[in-house]
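*Asks:* Have a look; sequence and predicted model below, questions after that.
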Amino acid sequence: MNMLVAKDTVITLDYHVTDPDGEVVDEGREPLVYLHGGYEDIFPKIEEALQGKKVGESVKVKLQPDEAFGDYDAEMVQVEPRKDFPKELQVGMQFEGGPEDGGDDDFVIYRVTDIADDKVVLDGNHPLAGMALVFTCTVTAIRPASAEEIEHGHVHNADDDEETCH
């Protein structure tokens, strides 16, 4: 029997992402595996487009920034003293930063975008923030999700041990 993409199925996608001009942003070397059905495992607009599809079917979805990685937030850019960083600092390096107010929010990954004489510019925006993206994907596998996956709201890989599950 042919399964369709539906709530509580685990979907495997071959995908690639371009910007609206066709420049490749993510060539999708690894297949994307996600739990379908509103678990926020994948962008909702893509999930909507895939609903009811069969293995072998493809969708192409254009995402506006607010449907993808969010708008670019200038407040996420910080300038820090150069002396606070390791000597071998390069543009493109990433650092984990905690919330400034000491709240229990998620850590932010900051990318070094510029190094001046005694200052380092850090950008906490996702590299694709503020970009419209075109997401093209083909369904390559569909399987029922396990009760545990549904309970946890995400896919478990065969090699996942319980420790890695949040």
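*Replies:* Nice, thanks for sending it over. Numbering: from 1, shown residues only.

*Asks:* Go through this structure and flag its longest strand.
*Replies:* Once the chain is assigned using DSSP state E, the strand that runs over the most residues is strand 133-144.

*Asks:* Just after it, pick out the following helix or strand.
*Replies:* Under the assignment DSSP states H and E, the closest C-terminal helix or strand after strand 133-144 is helix 147-152.

*Asks:* Give me the neighbour count for the nearest residue to Asn157 once chain neighbours are set aside.
*Replies:* Nearest non-adjacent residue to Asn157, counting by CB to CB, 6 or more residues apart in numbering: Val33, 7.8 Å away. Yep, even glycine has a C-beta here, placed from its N, CA and C like the rest. Counted with other CB atoms under 10 Å, the neighbours of Val33 add up to 17.

*Asks:* Verify the stated contact: Val33 with Val10.
*Replies:* Yes - applying CB atoms under 8 Å, one finds Val33 in contact with Val10, separated by 6.5 Å.

*Asks:* can you list residues touching both of the two?
*Replies:* Contact with both Val33 and Val10 is made by residues Val155, according to CB atoms under 8 Å, 6 or more residues apart in numbering.

*Asks:* which other residues reach stretch 7-15?
*Replies:* 3, 5, 26, 28, 31-38, 50, 135-145, 149-150, 155.

*Asks:* right, I mislabeled it, should have said stretch 67-76
*Replies:* 43-45, 65, 108, 123-126, 128-133.

*Asks:* Mind doing that once more with 10 Å?
*Replies:* With CB atoms under 10 Å, 6 or more residues apart in numbering as the test, stretch 67-76 has contacts from 17, 43-46, 61-65, 97, 108, 110, 122-133, 135.
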